[in-house]
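# one predicted model, sequence on top.
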Amino acid sequence: MAVLEARHLSVDIPTEDGVIHAVRDVSFALEAGELFGIAGESGSGKSVLTQAILGLLPNAIVTGDVLFEGRNLLGLKPAELQSIRGSRIGMIFQDPMSSLHPYYTVGSQITEMIHAHEKVEKTVARRRAIDLLARVGISEADRRFDSFPHQFSGGMRQRVMIAMALILNPPLVIADEPTTALDVTVQAQIVALLDEMRRERGTTVVMITHDLGLLSSIADHVMVMYAGRRMELGPSSALFAAPAHPYTAGLLASSPANYEAGAELVPIPGRPPSLLDTPKGCVFAPRCASALPRCTTEAPPLRVFSDGLQSLCWLEGPPADAAASVAGIAKAPAADEIVVKVEGVRLTYGGGSLFNPGAGFEVLKGIDLELHRGETLGLVGESGCGKSTFARVLAGLIPMTHGKVSLLGRDLGSLDGRAWQAMRREVQLVFQNPFGALNPRRRVGAIIGDPYRIHSLASGTERKREVQRLMELVGLNPEHYNRFPAEFSGGQRQRIGIARALALNPSLIIYDEPVSALDVSIQAQVLNLMRSLQRDLDLTYLFISHDLAVVRHVCDRIAVMQAGQIVELADAETLYRAPQHPYTRTLLAASVTTPPRHPAAGRTLVSSNVVEVA
Amino acid sequence: MSTQAAIPVIQRGSLALTLRRLGRDPAIIAALVFIVLVVLFALSAPWISALTGHSAIEQYRDTGLSEMGLPVAPNAEFLFGTDHLGRDVLVRLAYGAQVSLTVGVLAAVVAALIGITVGMVAGYFGGWVDTVLSRAMDLVMSVPFLLCALALVSVFGPSLSLSIGVIVFFSWTTMGRVIRGQMMSLRRQEFVEASRSLGAGPLSIMFIDILPNLSVPIIVYTTMMIPGSIVFEATLSFLGMGIVPPAPSWGGMLADAAGNSLYLVASWLVLIPGLALLFTTLAFNILGDGLRDALDPRGRPVRRKPK
Amino acid sequence: MIRYLLGRVAFGALILLTLSMFVFFLFFVAPGDPARMVAGDKATETQLIQIRTNLGLDRPIHEQYLSFLGKAVTGDLGFSYRNQQPVAKLIFNRLPATLSLVVGGVLVWLAVGIPIGIMSARHPGAVRDRLGQGFILIGLSFPTFVLGMMSLYLFYFLPRQSGFMLFPAGGFKPFLPNPAIWAWHLILPWTTLALTTAAVYARLTRGQMLEVMGEDYIRTARAKGLSERKVVWKHGMRATLTPLATQLGADIALLLGGAIVIEQVYGLQGVGALAVQAVANQDRPIIIGVVLLGGLFIVVANIIVDIAYVLLDPRVR
C-alpha cells in the first residue's frame, strides 16, 4: 500500500506575466520505506510539486488528488494540513544557512516542533531533542542545544535540520535538495546519515535533486521531470542502466562524469521552454534528438515497459545513444613556454594592524604553480580553501602579502602603474555567477566592448565589428548586440562573459566555477565551447571548480587545494587513478557518479495510452 | 559605444514598462495631475493677483475685515476669504505655492546630489573613508535638528536661503545612507570585479558601471525627499523661522491662523493652506511610492521567451 | 559586545562635543557683542561689564570654550538674565511636560504603527493592505502642526460649540494628583505627535515583514506545522524587531522636533516652547542649554536602543 499517492497533480501559479504551469498532470506513488528520487533541472517543477502538496504555496492553484494515510491532502482544511505538516510529513530544505531561524537556538527550534504537535513536559522535549541531536552526529549535544545556528557549520546545520524533520518520527520525509549547498565531502556524510536514519526508522523518503549521480546510488525509484511534466518514472536500476526517455538519456549524456576525459560532451541543445505556454505536442520535442514529426503536434502517450519503466514519449524503443558515437577531440599537447609562474604566494587578512596586532587569518599559505601555453590546469578544493581568492590574486584584484607572480617572464610586482595596467590585458576572469558578472543596466554590446573601451583600442563601428565577431565566435547571435543581459539565459550569459574575456587575446583565462550555476544540459554546452575555443585559439586556462567530474573532463593537470595550500598536483588521469594525498582520496571517494549504462536486455512495451493533457 | 544594431531588436523598453505600470494605478494618475495643477497655480500667481486686483501683502481693511475686525469668510470678492489682516488668502496661497515648491524641489535636489556623492564615495572606497563619512552622516542624523535650526535662526535671522541651507544640511543623509548601502553591495558584484580586472579605474567604474544601477533609488528617494522638504520649510515658517513676513508662505499663513487661536472662528484659514500643504505632500508621496513599485525589478519577473 | 557598546558611548560623547562646539562658536564667536546678546537690549552698561567678566570674554577663545564645556558637564548651563533664573532650573521646570509628551508619543506610535504594518504585510494587495498603505501615505504627508490644528478644531472646538467638552484645548497638567486629568490633556498631543512617525513605522514594519515572510526559515516554520499565528507573531515578528530597534534610534531626533511643534500648537509649557520663546526674545543662554540637553537626550536614547539591539540579535552578542 502506497504511503503517498499523487494522481494527475497540476500546479498553476498566477503571476504578473500570466499563469505559470509549474506542474502538469503528474502521478506517482511511494511504497513504504523506499527512497523515492525526483530529478530535474531548475524550472522542472520538482520543488513546487512537494511544497504545493503540503500547502506551502498559498498562491498556487493545485488540482488533482494526493492521498496520504487515507485522506486527500488537497481537500483538507488549512488546520488539518497544518497538523500533518511536521508530525506526519517532515521536511528538509536545501539551504541550511537560511532555513533555520537566526534568532532562536537550534534546540528551541526542535522542541518547538514537539510542543506544536504533542503535549509533553519541557524537560522531556529537551531530552528527546538532545538525544536525537547526538544521534545525528552533533557532539556535546546537551551543550550545543543552546547554540544559535550561526555558531554551526553548514553540514552541522543540515544535521540539525534532519533531526528536526525526524523528531516526531513521521512516516514520510521530503528532502528538497538537501546536499546542494554543501561541500562534496560533507554531502557524502549527509546522504549517508539520511540513508542510515531512514533504514533505522523505516521512514519513507522523497529526495528532490538535480544530481542524477546522487540518486543512482541510493534511490529505489526515480521520477524525472522536465518543464512541469513527468518524463520518466521507474526503478532506479533500470532507469539509470537504460533510460527509456530521450530527456533522461540526454541528461546522462550531458554529465562529464559519464565520459572519458577529453571527449566531446553531447549536450541537449537549446533551452527549457516557457512555462506560460501550453504546447500541443511534447514539451521536450524542440530539444529532442530522437524527435519524430508527430512529437510537436500530438501529446505523447504513456509507455509502460516490462521492467517497470514508464515514459511519456512516442518512442517505443530506446532513445538514440549519442554519447557512444562521438569521438574525443585531438588536442595539441601543451607547449613548453611558461605563461605564468607563481612562487610562494601568501595572503593574510587582518593582523599586523594597529588595533589587531599578531597573526591575522592566513588565506593562502605559499602557493607554487606553473602554467604552460595551451594547457588547462584545474584547481580543485572545497569552499573556503582559498581557490577563488587565489584567482583574484592572479587577476590583480587582491594584492598578495608575500610571493612572486611572473607573467610571460615579467615579475608583476616590479611593474609601474602603466605597465601594470597594460598587463591587465593578459589575464582575464570568467565568473561563476552568470547573473552577477554582467552589468544588468548595460547592453551586451557595451559589455563585450568594455575591454576595447578601457584600453582605448577600438571605437565606433570598429569596436562594434569586433564585438559582433566575438559574439559569433562564442555562439551568440550578433544581432542581439543591443539587448540587456536579463534577456539571455544563464548559459548564454556565460557565453557573453567568455566573449568579454577573449576580447584582448589574453595569455591566461581564469575560469572561476564557470558552470556550477548552470543546469547539466547547459553546462555541457558551455564546457564544449571552452574546449573548442582553446583548441582553435591556443588558449591557456586556469579552471577552478569544486566538481571533480568536470575538472577531470576538461583539465590536463589538476592541483588539489586544501586550507590555502596545494596538497597534490598531478596529471589528471594520474591523480584519478593513483591519488597520493589522503585529502585527494577523500574528495574522490565522496564524488558519486552514475553507474555504467548497458542496453536494456529483454525490455518490452507492455501498454501505451494516449494521455489527454488538460 | 554605437547604439545602432544591424537589425533593430524588438524589446519592451524599461521606460515604457514603467509608464505602463504607473498608468495602471488611478491614485498615481491623480497625484500627477494634482502636482501639475499646483505647479500651474504657483506659476499663475501674478495673473491671479491681476485678475482679483489684490496683491499678496496689501491689507484690505475695508472689504477684507468685518466690523469687529475679524477676517471675512470666502465670498465673491475673496474666493478663499481673508486673513486676520484682511489680506486675500487666494493670492497669498498662490505665492505661497511658489515658495513651497521652490524650496521643496531645490532643497531636495541639492540634498540628493550631496547624498549621492558622499554615499558613492563612502560605499566605493570603504575603509577609513567610509568610516569618516558614515560617522559624519550618523552625527548629522543624531543632532536635534529643529533645535539647531532654532539656534541658527536666532543668530542669523530668518531668511529663505537659510531655510534651504538648514533643510539641505539635515536631509542629505537619507540619500547618503541609501546610496552608500547600495554602493557597498554593488561594489562586491562580479561585474565590478570584471571591470577592475580589465584595468578600469575608480571613476570609470563609478560612473559607467555603477551609476546606472543606482538610477532607481535616486529617482525614488529624490521624489520622496520633496514632500519632506516642503513640510520642513512649512514647519520652519510656522515656528517663525522661515520666510520673513509679510511675504506669503503656507507655513506662515498657518502660523498666522494659529496665532490667538483665530482659526477656531475662521476655519478656512487652517483648512485652505493646511489642505493645500497636505495634498501636495500626499501627491509627491504617492508618486514616490508608485515609482518605487513600478521600478522594482522584483515585481517584474523576467519572462523567458521560448526560442 | 562590550567593545561595541563602548564604541557607541564614545560616539555619543562625540555628538555632544560637536554640539557644544556648534553652539559655542555660533553664539560667542559669531559677529556681535556676546554680552549684549546674553543680557538683552535693556541691559545696563554695568550689567554688561559684569557679564563680560562672568563669561570670561576677555580670555583667549579656547580657554573660554573649555570653561564653557567644563561648566556644561557639571550641569551649569548658564544664567538667563531676561528671566533672572539659572537656565538649568528653567529647563528643569519644563521637563515634565516634554517628557510626558515624548514618552507617551513613542508608545502610541509603536502601538499604532507596528500592528498596522503587520496587518498590511499579512495580506498584500488586499483591502486591509490598501487601507494600511493609505494610512501610511496620509500619515507621512500630514504636517504635524496642520494635524494638530485640525484635531483641535474637530475634537475641542466643535464639541465645545455644542456645549460638550470632549477634550481640553491644551495645556499641561501634572501627573499627580490625578493621572486621568494628565492623560486627558495629553491624548490629542500624543496622537498628533505619533501619527507621522507611526506611519514611518508602519511602512518599515510592512517592508521588513514582507521580506521576512519570504525567508526560508518562515517556510521551515510552516513546514513544522506551526499555526499561522505563531509563524507570523513569533518567527516573523522576532526577525522584524531588530531593524525596527535600529530605526527607533535614528528617529529620536525626529521626535524632539515634533515635540517642539506640538508644544507650540497645544500650548504645552515644555522645553520646546521655552526654546521657541527664547528665539523670539533672543535669550541665548536658554537656546544653548536646550540644544545641549536635546543632544544629551538623543545620545542616551540611542545608547538604550543599542543595548536593546545587542540583546535582540544573538549574532552581535
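Received the coordinates, thanks.
# only C-alpha atoms from now on, for both contacts and neighbour counts.
OK.
# give me the number of residues near residue 184?
The chain I'm using is chain A. Neighbourhood size, A:V184 [other CA atoms under 10 Å in any protein chain shown]: 24.
# oops, chain C please
Around C:W184 there are 16 residues (other CA under 10 Å).
# nearest residue to it in space, please, no chain neighbours.
Among residues not flanking C:W184 along the chain, C:F167 sits closest, at 7.0 Å (CA to CA, 6 or more residues apart in numbering or on different chains).
# and the gap between the one you found and chain B?
Remark: distance between C:F167 and chain B (CA to the nearest CA, to the nearest Å) = 15 Å.
# pretty sure that residue is in a strand, no?
No: read with DSSP: H, G, I helix; E, B strand; the rest coil, C:F167 is coil and lies in no strand.
# pretty sure it is touching C:F155, no?
Yes: shown here, C:F167 and C:F155 form a contact pair, counting by CA atoms under 8 Å, at 6.3 Å.
# hey, C-alpha coordinates of the host helix or strand of A:H8 in PDB?
In the assignment (DSSP states H and E), A:H8 maps to strand A:2-15. The C-alpha atoms that make up strand A:2-15 are tabulated as PDB, following Å, rounded to 0.1, in the frame of the first residue of the first chain:
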ATOM      1  CA  ALA A   2       1.300   3.300  -1.000                       C
ATOM      2  CA  VAL A   3       2.300   5.800   1.700                       C
ATOM      3  CA  LEU A   4       1.600   8.700  -0.600                       C
ATOM      4  CA  GLU A   5      -0.100   8.700  -3.900                       C
ATOM      5  CA  ALA A   6      -0.500  11.600  -6.300                       C
ATOM      6  CA  ARG A   7      -2.900  11.400  -9.200                       C
ATOM      7  CA  HIS A   8      -3.000  13.900 -12.100                       C
ATOM      8  CA  LEU A   9      -1.500  16.600 -10.000                       C
ATOM      9  CA  SER A  10      -1.200  20.000 -11.600                       C
ATOM     10  CA  VAL A  11       0.000  23.300 -10.000                       C
ATOM     11  CA  ASP A  12      -0.600  26.700 -11.600                       C
ATOM     12  CA  ILE A  13       0.900  29.800 -10.200                       C
ATOM     13  CA  PRO A  14      -0.600  33.100 -11.300                       C
ATOM     14  CA  THR A  15       2.000  35.900 -11.900                       C
END
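# what about the residue nearest to C:W184, neighbour count?
C:F167: 19 surrounding residues under other CA under 10 Å.
# then A:A578?
Residues near A:A578, counting by other CA under 10 Å, number 11.
# for chain C, see how far away it is.
To chain C, A:A578 is 42 Å away according to CA to the nearest CA.
# just the pLDDT for that residue.
pLDDT, A:A578: 88.
# repeat that for the one 3 residues further on.
In this prediction, A:H581 carries a pLDDT score of 91.
# list the contacts for it?
By CA atoms under 8 Å, 6 or more residues apart in numbering or on different chains, the contact set of A:H581 is A:567-568.
# for B:L22, same thing?
By CA under 8 Å, 6+ apart, the contact set of B:L22 is B:28-29, B:290-291, B:294.
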